[in-house]
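# Output the structure for:
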Amino acid sequence: MKRGVKQIVLGGAASFLLLASSLLSAQAGTIKVGAIFAVTGPASFLGGPEARSAEMVVEKINKAGGINGDTLELIIKDSAGSSEKAVSFAKQLIEEEKVVAIIGPSTSGESMAVKKIAEEGKTLLISCAAAEVIVDPVASYVFKTPQKDSFAAQKIFEAMQRLKINTIAIAAGNDGFGKAGKDQLEKMAPAFGIKVVAAETYDSKATDLSALVAKLKADSAIQAVINWSVVPAQAIIAKNMRQAGWQVPLFQSHGFGNIKYAEAAGAAAEGIIFPCGRLLVVDSLAAANPQKALLIQYKTEYEAKYHEDASAFGGYGYDAINIVAAAIKQGGNDRAKVRNAVEGLTKFPGVGGIFSFTPQDHNGLDIDSFAMLTVKDGKFIPYQGQ
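Predicted coordinates for the structure are as follows:
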């Protein structure tokens, strides 16, 4: 006779409790969630915080008893920012590991490469990359947590209107995020009465953009520059502009949401204006703000655990795994049910904003998920001109 059965036949209350415990143990299982993050490589400033945030959440969930008694297993694959590796890992996670969902990848190019695989494999993908084309047009199994490019562009153009800026230049990295942002800016500018007189793309690995800056500076009509990238060039273009004595306002995309960029640019970062989630200025939020408690919790837990500043990028991973966990609570280990649960999730508080997904909207955030920020004395603060 098996040991567990022998203990059960002892009789009385002890027998009943042992039987109940045995049945619960038999029913409890492990639910696998995949993650593809650029933990190493040039995009590690994205993937590192995303992976650490996701691990932190899973550890906390499992310490609290899991989800409906099941243990959550997070399988992280390091793509190092490579689309080829991301594709290979996605296939492995879906076909071999049988994950119920995948969070990530970190970059827009990787996410677009993996999008079709998630659809064909009928496996939920919650991207942590920002390009709007990831969810527009909508793909049944593909969602994302960062705010929309078009909302970022709108916030920038509204700020420009208040500053009476109507003639600008655009500079963008040649990666997926840069190209998508540049397209949005050029498409939307006329609606705000803004003329784009130069739209330049640069090598996302560039370490010197002084030639580009000189070219733009030669046009005296340019009143401001928008730089759209998630690469170290954000700091480089700021330095090159100020070194050239060019003092026009510099706007950045929501990819600027890491204080390391401001630190890398040093004094040249002063006055940069950009849209971002409210995590970076959580201390300035009103007590009644519906995100404040969660933002403080995430920032406090992350910084205590990893001894580094929390960033908007880590927040993308944090939101993705929490959304998946909420969906698993409803749909269990069934891929289709988990996907449906995400699409029906409304008023779900996250680091990036309050998510409300619909069949038509797989980003789930509105334009109020963005605030305009600026750099003052090396710190991020709310932009007063909004």
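
# alpha carbons only for contacts and neighbour counts from here, please
Will do.

# And residue 230, how close does it get to residue 181?
11 Å (CA to CA, to the nearest Å).

# Next: residue 209.
19 Å.

# Residue 122 too?
28 Å.

# Residue 143: what secondary structure?
Three-state call for residue 143 (DSSP: H, G, I helix; E, B strand; the rest coil): strand.

# For it, give me its contacts.
Applying CA atoms under 8 Å, 6 or more residues apart in numbering to residue 143 gives the contacts 124, 125, 126, 127, 134, 135, 362, 363.

# out of these, which one sits closest to residue 320?
residue 126 (6.1 Å; CA to CA).

# which strands and helices sit next to the helix or strand where the closest one lies?
Per DSSP states H and E: residue 126 is located in strand 124-127. Packing contacts for strand 124-127, counted by 3 or more CA pairs under 8 Å, 6 or more residues apart in numbering; DSSP states H and E, involve strand 101-103, helix 108-120, strand 142-144, helix 335-343.

# 7 Å - rerun?
With contacts taken as 3 or more CA pairs under 7 Å, 6 or more residues apart in numbering; DSSP states H and E, strand 124-127 sits against strand 101-103, helix 108-120, strand 142-144.

# ranges for the strands of the stretch 51-200 of the chain?
Remark: strands assigned in the stretch 51-200 of the chain by DSSP state E, counting those that start in this stretch are 71-78, 101-103, 124-127, 142-144, 167-173, 195-202.

# Make CSV from the ones you listed and add mean pLDDT and distance to residue 91 to it.
Converted to CSV, these look like this (pLDDT from 0 to 100; distance: least, CA to CA, whole Å):
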stretch, mean pLDDT, distance to residue 91
strand 71-78, 98, 12
strand 101-103, 98, 11
strand 124-127, 98, 12
strand 142-144, 98, 15
strand 167-173, 97, 29
strand 195-202, 98, 32
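
# got JSON lines for these, with distance to residue 270 too?
Shown next, in JSON lines, are the strands of the stretch 51-200 of the chain (distance: least, CA to CA, whole Å):
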{"stretch": "strand 71-78", "distance to residue 270": "34"}
{"stretch": "strand 101-103", "distance to residue 270": "34"}
{"stretch": "strand 124-127", "distance to residue 270": "31"}
{"stretch": "strand 142-144", "distance to residue 270": "31"}
{"stretch": "strand 167-173", "distance to residue 270": "19"}
{"stretch": "strand 195-202", "distance to residue 270": "23"}
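
# Thought residue 224 was touching residue 248, still the case?
Yes: between residue 248 and residue 224 there is a contact at 5.2 Å, judged by CA atoms under 7 Å.

# Next one: the closest residue to residue 149 other than its chain neighbours from residue 111, what distance?
Spatial nearest neighbour of residue 149, excluding adjacent residues (CA to CA, 6 or more residues apart in numbering): residue 132 at 5.6 Å. Shown here: residue 132 relative to residue 111, a distance of 11 Å by CA to CA.

# got it, and residue 168?
30 Å.

# So between these two, which is more surrounded?
residue 111 (29 against 22; other CA atoms under 10 Å).

# which residues touch that one?
105, 127, 129, 134 (CA atoms under 7 Å, 6 or more residues apart in numbering).

# out of the residues you listed, which are inside helices?
Of those, none are assigned to helices by DSSP state H.

# could I get those as TSV with neighbour count and distance to residue 299?
Shown next, in TSV, are the contacts of residue 111 (neighbours: other CA atoms under 10 Å; distance: CA to CA, whole Å):
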residue	neighbour count	distance to residue 299
105	36	22
127	33	21
129	29	20
134	26	27
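
# Which parts of the protein belong to which domain?
Following automatic domain parsing, the chain resolves into domains at 27-146+291-355, 149-276+371-382.
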